[in-house]
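1. Only the shape, not the letters, is given here:
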C-alpha cells in the first residue's frame, strides 16, 4: 500500500516466505533452540533501502505440541554479501523452549524406578538365584522395549543426545547386575571341587563375602553418581541462559 504523509510516500508490503531453523539437539530433550529470520537488501540497492528494526509481533500460537515460543525480538545484523563487503539487515529472533513434562513422567521416572528395582536384587539372599536373575532380565527386557518406543519418537541425529546417554546407561546396568549375580552363583562352588581344610575354607568364604560386598557398593555407587551428574548437567542446561 502507498500512503502520502506530508509529501513523503510511505510504502508497506507483506512478504510470505518459508524459513528453516537449524536445531542443535545435543541437550535433547532439555534443549532451547534459537531461531532467526534474517532480511537484508541487495548490495546494489543498499544506498536506496534502509531497514530499521521495529516491533516484533507474533500472530501465531505461542504453544505447540513440543515447544513454547518465547522471547521475540528484532535486531540489526551485518550481512556479508561478498568478499570484504557487508550490508546491514534486520533479524527477527525468537526461542523455542521444549516442554519436558512429557519426558519426565513418560521416560525418566519409569526408567529410574526400574533401575532401582534392578539394583535391589543385589541385596537379596543369593539362595534365591532364580528370582534375582529373573528380576534383572525382566528389567532389561522392559527397558529395551521402552528404549525402542522412545527412540522411534526421537529425532534422528548423527551424534549422541543427552537422552541417549540416560537410556544406554539404564540398559547397561541390568546387564552388569545379571553378570554379577551369575558370578556369585558360580563362586558358590569351590575351585575345581577341591577339598579344603578349615583355614582354606574360611579364606574362600571371606573372599566371596568381600567380593559380594564390593559389588553391592560399587554398582549402586556408580548409578548414584551417574544420576547425580546427569541432574547437575540438566540443571546447568536449563538455567545457563
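-> Yep, that arrived. Just so it is clear, the structure is predicted and the values come from calculations on it, not from any experiment.
2. Could you tell me how far stretch 25-33 lies from the centre of the chain?
-> Relative to its parent chain, stretch 25-33 has a centroid offset of 6 Å by CA atoms, centre = their mean, to the nearest Å.
3. buried set for that stretch?
-> 25, 27-32 (16 or more other CB atoms under 10 Å). Heads up, the C-betas are built off the backbone N, CA and C, glycines and all.
4. repeat for stretch 120-138
-> In stretch 120-138, counting by 16+ other CB under 10 Å, buried: 121-122, 132-133, 135-137.
5. One more: stretch 219-237?
-> Those would be 219-220, 223, 226-227, 234, for stretch 219-237 by 16+ other CB under 10 Å.
6. With stretch 95-112 instead?
-> Residues of stretch 95-112 classed as buried: 95-98, 100, 103, 107-108, 111 (neighbour count, 16+ other CB under 10 Å).
7. Could you dump those into CSV with pLDDT added?
-> Listed next are the buried residues of stretch 95-112 as CSV, based on pLDDT from 0 to 100:
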residue, pLDDT
95, 88
96, 89
97, 88
98, 88
100, 88
103, 89
107, 91
108, 94
111, 93
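8. Inside strands: which ones of those residues?
-> Per DSSP state E, strands hold the following members of the buried residues of stretch 95-112: 95-98.
9. Where does pLDDT dip in this structure?
-> The model of the chain has pLDDT under 70 over residues 1-5, 79-86, 189-205, 241.
10. redo that, cut-off 90
-> Along the chain, the parts satisfying pLDDT under 90 run over 1-24, 31-33, 36-103, 106, 121-137, 139-140, 144, 146-158, 180-216, 238-241.
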